[in-house]
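1. mind looking at a prediction? Sequence and model below.
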Amino acid sequence: MTDLAPIILWFRRDLRLRDHAALTHAVNSGRPVIPVFLNDTSVSDLGAAPKWRLHKGLEVFGAALSELGSRLILRSGDAEQCLLQLCVETGASGVVWQRAYDPQSVARDTQVKAALKSQGLEAQSFDGAVLHEPWTVKTGQGSDYKVYSAFRRAVWGRNIVPSLAPVPKPTSPTTWPTSEALSDWHLTRPMNRGGAVLANHNPVGEEAALERLETFITDDLSRYATDRDQLAVHGTSRLSGHLALGEISVARCWQAGQHALQMGNPGAETFLKELLWREFAGYLLWHSPDMQTKAWRPEWRGFKWNTDPDHPHFIAWSQARTGVPLVDAGMRELYVTGTMHNRVRMIVASYLTKHLRMHWRLGQAWFADCLTDWDAASNAMGWQWVAGCGPDASPYFRVFNPDTQRDKFDKGGRYVQRWLAETSPSPDALALSYFDAVPRNWGLSPNAPYPHPIVSLAQGRRDALDAYERWKTQTDEKC
């Protein structure tokens, strides 16, 4: 024990003990450390699946702290008020945390830091969820990058990756402050019966993340460049859920990929580029805070998408009943597992925004409610990229054909068969689990006939391109 005033360590989307700069700082200070997690608007604003996943992550992380002789203090309310109150209750000399880069977190953290300092308290933040903090990457002219390939080249050779750190041993305070019960937050309630289905597909916690990284590097990485696009095989890293909650650091993933690259692993370079694509999303959101709500390209803000969430086409898409097998398979994978194969994410997004001409923000919101690996930056950039209105975007006239994509990346039909119960005489258990997960009021049954396509793929593509040409002509005339 020590007579030094304790320090509060504010955890957010960084539920790990290794490679945690704020935790290392707090422990090295020699002061008692009080770990805290706050149920503020950053939690209440989450969708159903991310809330469920956060609950599971907090359960595991709290247990990990307990094994170290520490504990996780839970409080609800405004972050500034909660942290100031905790400092009063515990006599803490200040608060430390790892930075977040989305606009909502930046605004909150700026306010918290000012309030703490005004009371003479320490308020210190550390780099956290990125390899390169967004303000450190500039073009030769001092501006921010708009194109991924140029961004990647700029950071590829940099040697400023945060150092890795083992699990430290925090000192406990003489007296612990009171904590709320995680169960009283009811984070799993919005998932209703779907939570039991999600539990079968979401490994949770830092140890699971480390195990997954090791297995991926050892067994899967050599085939990653080709297998990551094959829908029926587990060819991706499956680390996104862990990265979203910071159960593993991107620095550790980068180091593992760099080592594999040096050892001549043929999939390593592709994996590293994908980590940087994720990094680019966060970089863009920091530089363009309204990317979550507005078309990144200003000229696209006048394009007329359908914005009606009650439109039959959007309902059919969200319930995985479009009659397009690959689209429906992907949407069912999302509802059952909380994730979706990355290539299929592009296909279902293209189908919604182009074949159906529904607004990308409807899809963005649906993913935000259904993804256990939800990340504000990746979700916003991904939808805008596919829709054609975002940074470094796929052109609007590039319309993914789901049938062609299925022929190319699901040749044997195993992925589609895995998820569509109505098209098989003996459906896979995964396909049937979709009907156990969806709300009962949807009235869906595996015994119902599979629907006919709600739009012809050829006609949908023609209509999308016609709408684009009309809008482009009108825009050019105004200019």
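-> Thanks, I have the structure now.
2. list the contacts of the lengthiest helix in the chain.
-> Ranked by residue count, the top helix of the chain under DSSP state H comes out as helix 457-478. Outside helix 457-478, the residues that touch it by CB atoms under 8 Å, 6 or more residues apart in numbering are 299, 302-304, 324, 351, 354-357, 396-397, 399, 401-403, 455. Glycine gets a C-beta too; all of them are placed from N, C-alpha and C.
3. filter these to the buried ones?
-> By neighbour count, with 16 or more other CB atoms under 10 Å, these hold 303, 324, 351, 354, 355, 356, 357, 396, 399, 401, 402, 455 as buried.
4. out of those residues, list just those in helices.
-> Applying DSSP H to those, the entries found in helices are residue 402.
5. tabulate the buried ones among the contacts of helix 457-478 (TSV), appending distance to residue 390 and pLDDT.
-> TSV is the format used below for the buried ones among the contacts of helix 457-478 (distance: CB to CB, whole Å; pLDDT from 0 to 100):
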residue	distance to residue 390	pLDDT
303	12	92
324	24	98
351	17	98
354	14	96
355	19	97
356	18	98
357	17	97
396	11	77
399	16	92
401	21	97
402	21	97
455	24	97
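6. need the max-distance pair from the buried ones among the contacts of helix 457-478.
-> 303 and 324 (23.2 Å; CB to CB).
7. quick one: low-confidence ranges for the stretch 51-200 of the chain?
-> Scanning the stretch 51-200 of the chain for pLDDT under 70 picks out 160-163.
8. can you map out the strands along it?
-> Assigned by DSSP state E, counting those that start in this stretch, the strands in the stretch 51-200 of the chain fall at 73-76, 94-98, 122-126.
9. so what secondary structure elements neighbour the helix or strand harbouring residue 326?
-> Applying DSSP states H and E as the criterion places residue 326 in helix 325-337. Packing contacts for helix 325-337, counted by 3 or more CB pairs under 8 Å, 6 or more residues apart in numbering; DSSP states H and E, involve helix 194-198, helix 312-318, helix 342-350, helix 360-370, helix 402-409, helix 414-419, helix 429-437.
10. and the fifth one, how far out from the chain's middle?
-> Chain-centre distance of helix 402-409: 26 Å, with CA atoms, centre = their mean, to the nearest Å.
11. any chance of the buried ones among the contacts of helix 457-478 in CSV, with distance to residue 240 too?
-> Formatted as CSV, these follow (distance: CB to CB, whole Å):
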residue, distance to residue 240
303, 29
324, 25
351, 22
354, 25
355, 26
356, 26
357, 29
396, 27
399, 26
401, 26
402, 23
455, 31
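12. helix, strand, or coil at residue 10?
-> On the three-state scheme (DSSP: H, G, I helix; E, B strand; the rest coil), residue 10 is labelled strand.
13. touching, it and residue 38? I think so.
-> Yes - the pair residue 10 / residue 38 is scored as a contact, 7.1 Å apart, by CB atoms under 8 Å.
14. who touches both of those two?
-> residue 83.
15. any idea how far residue 147 is from residue 333?
-> The gap separating residue 147 from residue 333 is 31 Å, by CB to CB, to the nearest Å.
16. compare those two (neighbour count), which wins?
-> Under the criterion of other CB atoms under 10 Å, the comparison of residue 147 against residue 333 puts residue 333 first, with 24 against 11.
17. that one and residue 345 touch, don't they?
-> No - judged on CB under 8 Å, residue 333 makes no contact with residue 345 at a distance of 9.9 Å.
18. run a quick neighbour tally on the closest residue to residue 415 other than its chain neighbours.
-> In this structure, residue 415 finds its nearest non-sequential neighbour in residue 231, 3.7 Å apart by CB to CB, 6 or more residues apart in numbering. Using other CB under 10 Å, residue 231 has 25 other residues around it.
19. list the contacts of residue 231.
-> The contact partners of residue 231, by CB under 8 Å, 6+ apart, come to 341, 343, 344, 409, 410, 414, 415.
20. can you check residue 301 too?
-> Applying CB under 8 Å, 6+ apart to residue 301 gives the contacts 294, 295.
21. also the one 5 residues further on?
-> Neighbouring residues of residue 306 by CB under 8 Å, 6+ apart: 313, 314, 356, 357, 358, 359.
22. of those residues, which pair is most distant in space?
-> Spatial extent of the contacts of residue 306 (CB to CB) is set by the pair 313 and 359 at 11.6 Å.
23. re the thing from before, so can I have JSON lines of the strands of the stretch 51-200 of the chain showing mean neighbour count?
-> Listed next are the strands of the stretch 51-200 of the chain as JSON lines, based on neighbours: other CB atoms under 10 Å:
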{"stretch": "strand 73-76", "mean neighbour count": "18"}
{"stretch": "strand 94-98", "mean neighbour count": "23"}
{"stretch": "strand 122-126", "mean neighbour count": "17"}
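24. including distance to residue 329, could those go into TSV?
-> Shown next, in TSV, are the strands of the stretch 51-200 of the chain (distance: least, CB to CB, whole Å):
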stretch	distance to residue 329
strand 73-76	39
strand 94-98	37
strand 122-126	42
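25. closest to residue 439 out of those strands?
-> Of all these, strand 73-76 comes closest under CB to CB, at 27.3 Å.
26. tell me which strands that closest one pairs with, and in which orientation.
-> According to DSSP bridges, strand 73-76 forms sheet pairs with strand 33-39 (parallel).
27. can you point out the buried residues in the helix or strand that the partner strand is followed by?
-> Sequence-wise, the next helix or strand downstream of strand 33-39 (DSSP H and E) is helix 41-44. Of the residues in helix 41-44, those buried under the neighbour-count criterion (16+ other CB under 10 Å) are 42, 43.
28. could you export stretch 356-364 as CSV, CA atoms only?
-> Extracted in CSV, the C-alpha atoms of stretch 356-364 (Å, rounded to 0.1, in the frame of the first residue of the first chain):
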residue,chain,number,x,y,z
LEU,A,356,-32.6,-0.2,-54.7
ARG,A,357,-31.4,3.4,-54.6
MET,A,358,-31.9,3.6,-50.9
HIS,A,359,-29.9,6.1,-48.9
TRP,A,360,-26.5,4.9,-47.7
ARG,A,361,-27.3,6.3,-44.2
LEU,A,362,-30.1,3.8,-43.9
GLY,A,363,-27.7,0.9,-44.4
GLN,A,364,-25.1,2.6,-42.2
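29. for it, the distance to its chain's centre please.
-> Offset of stretch 356-364 from its chain centre (CA atoms, centre = their mean): 18 Å.
30. repeat that for stretch 52-64.
-> That offset, for stretch 52-64, works out to 17 Å (CA atoms, centre = their mean).
31. residue 385: helix or strand, and which one exactly?
-> Secondary structure (DSSP H and E) places residue 385 in helix 376-387.
32. other SSEs contacting that helix?
-> Secondary-structure packing of helix 376-387 (3+ CB pairs under 8 Å, 6+ apart): helix 268-287, helix 342-350, helix 360-370.
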